[in-house]
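Q: the amino acid sequence is not available; the structure is as follows:
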């Protein structure tokens, strides 16, 4: 594998750019060009990383990572249980697509800010680059603490982006956004610390340590290091941070406000990437580390997701502000995303990760278009603008295109993920493929109404904004900043790459799916293991088959606590490294599952 | 196989290329010559479709020749027709760990399928599309030959439509079918909304898309249920499995069926369990698929979008909303004939919906004055006939009617477009009359197509409609046959009501129009071609006998039915097993009905002509006398209003409620929660700054409490 620390360079580039912008005193035009240049350099580094990644995709099989880097950061050997904090990066098939989406959209969002940002350029572009680095950090991190730090750090730049360059209620929106998400992630932090402490029960390389290394934390469950009660509480603690970020109903109320007030680029980044940090967190931490709790709470997550799908769609339909409508559509879409995750079928998980990417592309583009309209008319109220297809045909083309992508037109990206999520939910309850997920047809049918409601509210918006007689605010369009009536060449160049990505992912998503599968199957196997364990435990002591079934049903609720001592003893008995089993089932081992 | 594959890929690609080129060079350079790109694309596809038809026919005839010399081994040419042609891996549906990740069977492929039914659909779609594209070249211009605004866009979307429709009929699995299904919906949306500045057009476009989505919701559920049951979405595999299940008790070939079950569902699958499962779900699958068909083919109660869709340019109405796209539902049911034939309830439901739509749409057509709307309701009614035919098991007759209908209905719409073009956009038949002198070509072609629609003997629709009515009389519910006959009378009446009011009688033109112009060669050429089709198209479905047939010469069931027979053979087999009295093929001796329906057609034509030419006051008097009944029909049974009150408004109210909950309830709780720490933490200043600290304090308290609980919890 490559000896270059590509991922570190990748993270450092935007941060370096931010520092340079802060340190120098350039004029706005230079700053703009420099910021865009740095983001493009980051993209170029990522392309190198992608090339390496694609050469070695074979190594992804069963939970491997690529481009790994690992350095010790804090290491105190004095205490009985030494503290080892590490700096560990790596990419797998889940984080790679999300990172590519981030890498595509952030430079475009920076480019889109060229005309919309008219004040305090230095701070704005520096913050954008900082945000860029933090987001990439979340996806690269292979250490829970690093993950959490990056996860939290994204709040700060966005807080200022909304609070300084936002709309009229920007202060309120920024505060609500900040406090809401911070409140959740404080609980998550408690969970992070607790997990690190528990990780010290795992013997790795013949020693135990207080650590946040994902690989060690992943071993916790397989070695019985977390009781069902602990898992339940930890799941709830992480839920607090992730669910607010997603945002899952009923924790979504900060989102419409934040979107409406945020500047265009802020909205794009918020919708496309920051919301995905929550779903990514569920997939990276909650499901693999607390599989018992994930199964137990699966139905709760399913209900919240389904309610979110319908609720978000209905609320979107009655909006008059285009931006708020798109914001509510995100609530609806992210419900799908979680539904696919907690159906615990490969189809659903694949669909869920694809959904994260696809929602980022289509909703990001929709926010960009809304921003372009806003720059011209200084309003987003559908009562004040209408019939714009006549005035802005190119914009109309893109708006209809991304609307179709958003409502899941087959042939475009949204369809593939929507279909996979729903089919995963449908077959979730089926046992004949080894294990039954917690959801099923009862969740799938109400969620599927989302594909109908999605068409209703999006086409409602399209009709009002694009069709009918031309309706403009009295002052006409604002041509300051070199804007023409229809989209400028720069604006077309911003939207076109996203459109191409949408077509590619709709017509030929195979390469991306090929990456995902090997990284997702360990997650699923962990969940499947829970089922098998419960099955064995339930059948061990019970005579009749009927009793075994009913015992299986109650096991999830009150599986026995296992003390730390017990685990150590178990470890002593087993070979010092039960690790391979913990990290991933080898192909022959998974045979046993069937 | 390779030959078929290449052709099958090229057919949809050519119109797509046409569309992309219009976008790439047409908009900027070719401008009002952009039509050439699309004409070339669609024309090329038509040629390829002829080649594909030739290929299929030669395979079938080679097999027949081989079977005559009793050489079964060489009879494999047409066996390839029932197989899907894989194009590439699209996406993966299932790779559970227990299944072993990434097995190739999990990939859902882009597959095509070329068989006899596909050929019929391709020929129909592409022939009519080609005519309509040519016609549009003349129609989408003003009287000076200048292209209308949006000319290039119009042709690009026509190309998109032809591409999507080809994908739909070429699909080899349910997902590709769904792809084409949704893409034709998109083209329809874009083309109905062509005159987007008209609010009615924008609303009609949205309504079409959303009503279709309601149907597609059911369709998608049906596809998922199919997957849940059969673990595959491949057409032929699903059909073979269904046929295997429903022929099991009578069948001989258990081994083949069982091995198919095992290859599809895994070696450990129990065949008997599977049989029970399929039997319990087949009705649901059929009904859910039919939901999609009802939406796309505008059957009651999802018919409301089609009349409004007439806001689109007339060539679009002719192509999409009469001849091709709206028949996709009929195609779907015919394609899945095995699934439908396996469920008596579903068959009955299809027939009942078809009969109801046929009748009610015909009654509405009698009261309308907008030529295009009359034709739209007539389309609904004719589609109703087709579904009735499908529901009584006459799958081939329905496809036959689909095919003849495409020609005469496209001709009628294009004729109406010609009139509209000449009348300066006026289409209300109360505002003009007697056009026959000034528009002889339009008049003649419109008259021929009207005769065909009315079921005049020896014209194309006569044969196909009669077969359907005949099959309905032979079915378990002869009532359907009677409905068919009554509707035939209404059809003849409303058609000639329209012809009489528009073309006959004294010459009268709307204000501002001095002379009614014919549309020129680009418009008249397709009209003439289609009217010839309206006369002759039916003769592929009859054969000539010497004595004993209708008028002593004609016998139903021609090469068309023979050609289609292999596609629907297994459905017919299942129906025969059910013991259902079905006909379609069994026409022998049914000539009495042919004479009867000829009489009915002529009666309708003559009575309408007489009433509207000689006694125009009588219809008004009848309308006035029937009062509220007339108003009920005239207002289309108030279906739109009922939907608005029952579905749309309550949903909007729920949406407002959700938004209100967000703003007032959830945020209020948050506000209260956020203020508890502030109330506790006295001395903290009010305002934003204070709230921030309050939250932080609350968090710290919460954090401490959580840690305490967790630590104590594990003792």
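A: Received it, and whenever you're ready, just let me know what you need. Quick caveat, the model's predicted, so the values are computed rather than measured.
Q: got a list of what residue B:289 touches?
A: B:218-219, B:222-223, B:332-333, B:336, B:339 (CB atoms under 8 Å, 6 or more residues apart in numbering or on different chains). Heads up, the C-betas are built off the backbone N, CA and C, glycines and all.
Q: check it and give its pLDDT.
A: We have a pLDDT of 94 for residue B:289.
Q: any idea which element it lies in?
A: Element membership for residue B:289, per DSSP states H and E: helix B:271-296.
Q: pull the residues that contact the helix or strand that that helix is followed by.
A: Past helix B:271-296, further along toward the C-terminus, the next helix or strand under DSSP H and E is helix B:305-308. Under the contact criterion CB under 8 Å, 6+ apart, helix B:305-308 has outside partners B:200, B:203-204, B:207-208, B:211-212, B:298, B:321, B:326, B:373, B:376-377, B:379-380, B:636.
Q: which of those residues sits closest to chain A?
A: For these, the minimum distance to chain A (CB to the nearest CB) is 7.0 Å, reached by residue B:203.
Q: neighbours of the closest one, how many?
A: 17 (other CB atoms under 10 Å in any protein chain shown).
Q: got it, and residue B:525?
A: Around residue B:525 there are 16 other residues, counting by other CB under 10 Å.
Q: what's the answer for the one 5 residues further on, then?
A: Residue B:530 is flanked by 30 other residues according to other CB under 10 Å.
Q: per-residue pLDDT, it?
A: For residue B:530, the pLDDT comes out at 90.
Q: now the element after the helix or strand harbouring it, going C-ward?
A: According to DSSP H and E, residue B:530 maps onto helix B:521-536. As assigned by DSSP H and E, the chain's next helix or strand after helix B:521-536 is strand B:542-544.
Q: residues of the stretch 301-450 of chain A that sit close to chain B?
A: With the criterion set to CB under 8 Å from any CB of the partner chain, the stretch 301-450 of chain A comes near chain B through A:311, A:314-319, A:345-347, A:350, A:387, A:389-390, A:400, A:404, A:409-411, A:415-416, A:419-420, A:422-423, A:426-427, A:430, A:432-435, A:444-445, A:448-449.
Q: narrow these to those in helices?
A: Counting by DSSP state H, the part of those found in helices is A:311, A:314-317, A:346-347, A:350, A:389-390, A:400, A:404, A:415-416, A:419-420, A:422-423, A:426, A:444-445, A:448-449.
Q: so how do I select the buried members of these in ChimeraX?
A: Here is the ChimeraX command that selects the buried residues among these (16 or more other CB atoms under 10 Å in any protein chain shown):
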select /A:311,314,315,316,317,346,347,350,389,390,400,404,415,416,419,420,422,423,426,444,445,448
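Q: in this structure residue B:278 contacts residue B:242, no?
A: Yes: using CB atoms under 8 Å, residue B:278 makes contact with residue B:242 at a distance of 6.6 Å.
Q: neighbour count winner among the two?
A: The neighbour count for residue B:278 versus residue B:242, taken as other CB under 10 Å, is higher for residue B:242 (28 against 22).
Q: quick check: closest non-adjacent residue to the more buried one.
A: residue B:338 (5.0 Å; CB to CB, 6 or more residues apart in numbering or on different chains).
Q: for that neighbour, what is the enclosing helix or strand?
A: Here residue B:338 is assigned to helix B:337-341, by DSSP H and E.
Q: next: residue A:87.
A: Per DSSP H and E: residue A:87 is located in strand A:83-91.
Q: and the very next helix or strand once past that strand, what does it pack against?
A: Once the chain leaves strand A:83-91, the next helix or strand it forms, by DSSP H and E, is helix A:95-116. When contacts are defined as 3 or more CB pairs under 8 Å, 6 or more residues apart in numbering or on different chains; DSSP states H and E, helix A:95-116 sits against helix A:28-55, helix A:121-140, helix A:264-269, helix A:275-281, helix A:346-377, helix A:489-507, helix A:510-541.
Q: so in the chain, which strand runs the longest?
A: Since you didn't name a chain, this refers to chain A. The longest strand of chain A (DSSP state E) is strand A:66-76.
Q: was after chain B, sorry
A: Every strand in chain B considered (DSSP E), the longest is strand B:85-92.
Q: distance between that one and the chain's centre?
A: Chain-centre distance of strand B:85-92: 25 Å, with CA atoms, centre = their mean, to the nearest Å.
Q: for it, buried residues please.
A: Buried residues in strand B:85-92, defined by neighbour count with 16+ other CB under 10 Å: B:85, B:87, B:89-92.
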